[in-house]
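**Student:** Structure of the sequence below:
(3 chains)
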Amino acid sequence: MSESIESRLSELGLSLPEVPAPLAAYVNCVRTGDLLFLSGGLPIDGGRAVTGKVPVDVTVEEAAEAARIAILNRLAVIKAEVGSLDKVARIVTLNGFVSSAPDFYDHPKVINGASELLLEIFGDKGRHSRTALGVSALPLNCAVEINLVVEIEA
Amino acid sequence: MSESIESRLSELGLSLPEVPAPLAAYVNCVRTGDLLFLSGGLPIDGGRAVTGKVPVDVTVEEAAEAARIAILNRLAVIKAEVGSLDKVARIVTLNGFVSSAPDFYDHPKVINGASELLLEIFGDKGRHSRTALGVSALPLNCAVEINLVVEIEA
Amino acid sequence: MSESIESRLSELGLSLPEVPAPLAAYVNCVRTGDLLFLSGGLPIDGGRAVTGKVPVDVTVEEAAEAARIAILNRLAVIKAEVGSLDKVARIVTLNGFVSSAPDFYDHPKVINGASELLLEIFGDKGRHSRTALGVSALPLNCAVEINLVVEIEA
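**Tutor:** Down below sits the predicted model:
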């Protein structure tokens, strides 16, 4: 029997944050059939948010770490919804938005913070399709925002 | 038997606009299984479009109203496709794009115009996941653009 | 029996490029049920990438051609994944991002390069829902980025 995802998180020295409260009139995720559509998650860990534009206010490395923080709070949402991260059959797709200047082109390096963490945690089930791009600004001036579609075991 | 969605719209003093013509070589929505993927909708009501950037040309309140207009024309699309809004099983996810300056961070307030209207109309079936963000510009200089994935009753 | 999609490509004078290598820690597509979620594709053809902002560095016509190039490499991804483009049941939805200035509003004309090509190749199966919009910058300074959801025959 393979190791549980929660054990894997512990091995990596990671823990899930509190499930974040949505900023407004929506919910953190909706399940339809075997697919879970997650709301855009921000790099907020407790009271601390990673804010500003990449790379002027936030370095590429800091933004990649912000992407990891956003993924951890998305995983907290998934666990709260389906009971256990072991029920994740596949990370299907991920959209990563980077708040950045018009002359910044390294969005893939930033969003790799999210993608690599998913691979570390979920292994082959974490191999996802992805779109990364730069946008003019994000809610609360956050540096990154990430949404996901996840397949849950039937 | 619960009230119909069309009655609910009337109670709210709302009516559906004409189904908008796509701007180009695409269609308003595509159904696959029980999911309906809607094209990005713009805040166009008859001949009037809400154009400009938030908050310089368009206030947050005007942009939230624009988001409501976009939702109403998306609902017209759903009705035209499946025959009745009563067949909506769930609003699954909503992406809301706000044409805004790099120092505007209140996208959630704008897109709440859409989200709150969906809750008013559909109740629990209207509770959706969501991503809101700021982009440099939208088609026809519109202030907001919204797309949706909706689950239709099997 | 209807003509194969590969024959149709030949008639149009088109051929599929090599399957592009993902830029980072993700995969080109993930299938879940009958849906294939494709990663954001860039206008890269062999060693040549269409880079810069529309319309300052890249004209609308050049950007529309870039959108066609992105679609062709997305089709190469689909073929590699499912074996034949004849297994495409429907192009469900397409998101087209245009790297452009805040005063550029003709994103639909640019993304029509992608949409019209899908119609030419797939006919009715190519009729898709769509969202087109302008973003501050794209990976590698590319002019357009396009992702897709495609329904595959069961």
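
**Student:** C-alpha from now on. contacts and neighbour counts both.
**Tutor:** OK.

**Student:** how about stretch A:81-88, does it reach chain B?
**Tutor:** No: for stretch A:81-88, no contact with chain B is found by C-alpha under 8 Å from any C-alpha of the partner chain; the gap never falls below 12.6 Å.

**Student:** and that stretch, average pLDDT?
**Tutor:** In this model, stretch A:81-88 has an average pLDDT of 98.

**Student:** Check stretch A:27-34 too.
**Tutor:** 98.

**Student:** Pull out the CA atoms of that stretch and give them to me as PDB.
**Tutor:** Extracted in PDB, the C-alpha atoms of stretch A:27-34 (Å, rounded to 0.1, in the frame of the first residue of the first chain):
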ATOM      1  CA  VAL A  27     -17.200  29.200  -2.200                       C
ATOM      2  CA  ASN A  28     -13.800  27.600  -2.200                       C
ATOM      3  CA  CYS A  29     -14.700  24.800  -4.500                       C
ATOM      4  CA  VAL A  30     -17.500  23.100  -6.300                       C
ATOM      5  CA  ARG A  31     -17.600  19.400  -7.200                       C
ATOM      6  CA  THR A  32     -19.400  18.200 -10.400                       C
ATOM      7  CA  GLY A  33     -19.100  14.500 -11.100                       C
ATOM      8  CA  ASP A  34     -15.500  13.500 -10.400                       C
END
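
**Student:** Go through that stretch and flag the buried ones.
**Tutor:** For stretch A:27-34, burial by neighbour count (16 or more other C-alpha atoms under 10 Å in any protein chain shown) applies to A:27, A:28, A:29, A:30, A:31, A:32.

**Student:** Let me know the pLDDT of residue A:20.
**Tutor:** Confidence score, pLDDT, at residue A:20: 88.

**Student:** quick one: terminal-to-terminal distance for stretch A:45-64?
**Tutor:** Criterion C-alpha to C-alpha, to the nearest Å; first-to-last residue distance in stretch A:45-64 is 14 Å.

**Student:** So what touches that stretch?
**Tutor:** A:17-18, A:42-44, A:66, A:69, A:73, A:98-101, A:104, A:106, A:109-114, A:137, A:140-144 (C-alpha atoms under 8 Å, 6 or more residues apart in numbering or on different chains).

**Student:** what do you get for stretch A:6-17?
**Tutor:** Residues from elsewhere that reach stretch A:6-17 (C-alpha under 8 Å, 6+ apart): A:45, A:46, A:72, A:73, A:75, A:76, A:85, A:86, A:121.

**Student:** Put the buried members of the residues you listed into a ChimeraX selection.
**Tutor:** Applied in ChimeraX, the following selects the buried portion of those according to 16+ other C-alpha under 10 Å:
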select /A:45,72,73,75,76,85,86,121
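
**Student:** Nearest to residue B:149, out of the contacts of stretch A:6-17: which one, please.
**Tutor:** Minimum separation from residue B:149 among the contacts of stretch A:6-17 (C-alpha to C-alpha) is found for residue A:75, which lies at 21.7 Å.

**Student:** can you pull the contacts of that closest one?
**Tutor:** A:16, A:85.

**Student:** Which strand or helix spans it?
**Tutor:** For residue A:75, the element it lies in under DSSP states H and E is helix A:60-82.

**Student:** and stretch A:89-97, is it in reach of chain B?
**Tutor:** No: Stretch A:89-97 stays clear of chain B (C-alpha under 8 Å from any C-alpha), getting no nearer than 8.5 Å.

**Student:** Adding secondary structure and distance to residue C:38, write the buried residues of stretch A:27-34 out as JSON lines.
**Tutor:** Shown next, in JSON lines, are the buried residues of stretch A:27-34 (DSSP: H, G, I helix; E, B strand; the rest coil; distance: C-alpha to C-alpha, whole Å):
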{"residue": "A:27", "secondary structure": "coil", "distance to residue C:38": "25"}
{"residue": "A:28", "secondary structure": "coil", "distance to residue C:38": "23"}
{"residue": "A:29", "secondary structure": "strand", "distance to residue C:38": "21"}
{"residue": "A:30", "secondary structure": "strand", "distance to residue C:38": "21"}
{"residue": "A:31", "secondary structure": "strand", "distance to residue C:38": "20"}
{"residue": "A:32", "secondary structure": "strand", "distance to residue C:38": "20"}
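
**Student:** and which of these is nearest chain C?
**Tutor:** Closest approach between the buried residues of stretch A:27-34 and chain C, by C-alpha to the nearest C-alpha: residue A:32, at 12.5 Å.

**Student:** and the closest one, what does it touch?
**Tutor:** B:92, B:151.

**Student:** now with 6 Å?
**Tutor:** Counting by C-alpha atoms under 6 Å, 6 or more residues apart in numbering or on different chains, residue A:32 touches no other residue.

**Student:** For it, name its beta-bridge partners.
**Tutor:** residue A:35 (DSSP bridges).

**Student:** Please report how far it lies from residue B:82.
**Tutor:** Per C-alpha to C-alpha, residue A:32 is found 18 Å from residue B:82.

**Student:** same check, this time on residue A:143
**Tutor:** 39 Å.

**Student:** With neighbour numbers in mind, choose between those two.
**Tutor:** When residue A:143 and residue B:82 are compared for neighbours, residue A:143 comes out ahead with 31 against 15, by other C-alpha atoms under 10 Å in any protein chain shown.
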